[in-house]
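Trainee: below is the sequence, then the predicted model.
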Amino acid sequence: MALIEIEVLRSDDAQRSSALQQAVNWLGPPDGTVVLTLESGDEFSDELVEAVVDTFGDFGEIILVRYVDFRSEDFFKEKMP
């Protein structure tokens, strides 16, 4: 026979989500992500995309390039220092 004492803590889901969002906003995304937006508001040309990928490739392996609302999100395999 054993006597076991257990302490149960409950957290508020809304407060936990808010704290996590604040931390991500302060620290940045957990992966190496670069977001590019053209000042002109134009779309990215094929030549520009190739130049960006070639240039950023010097800093690490790009695993995904996503285009969302006239911006480019470039995701690296590892977080950059």
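Mentor: The structure has been received and is ready for your questions. Numbers count the residues shown, from 1 in each chain.

Trainee: what segments of the protein are helices?
Mentor: Using DSSP state H, the helices assigned to the chain run over residues 13-27, 46-56.

Trainee: tell me where the model's unsure across the protein.
Mentor: Along the chain, segments meeting pLDDT under 70 span 28-31, 79-81.

Trainee: could you rerun that using 90?
Mentor: Under the criterion pLDDT under 90, the flagged ranges of the chain are 1-3, 6-11, 16-17, 19-46, 48-50, 52-53, 56-81.

Trainee: any idea how far the nearest residue to residue 60 once chain neighbours are set aside is from residue 39?
Mentor: Excluding the flanking residues, the one nearest residue 60 by CB to CB, 6 or more residues apart in numbering is residue 76, at 4.5 Å. C-beta: built from backbone N, CA, C; applies to glycine. The gap separating residue 76 from residue 39 is 23 Å, by CB to CB, to the nearest Å.

Trainee: still on that earlier bit, return the set of residues that bridge with the residue nearest to residue 60.
Mentor: On the basis of DSSP bridges, residue 76 is bridged to residue 32, residue 62.

Trainee: show the contacting residues for it.
Mentor: With contact set as CB atoms under 8 Å, 6 or more residues apart in numbering, residue 76 has these partners: 31-34, 56, 59-63.

Trainee: alright, I will stop here.
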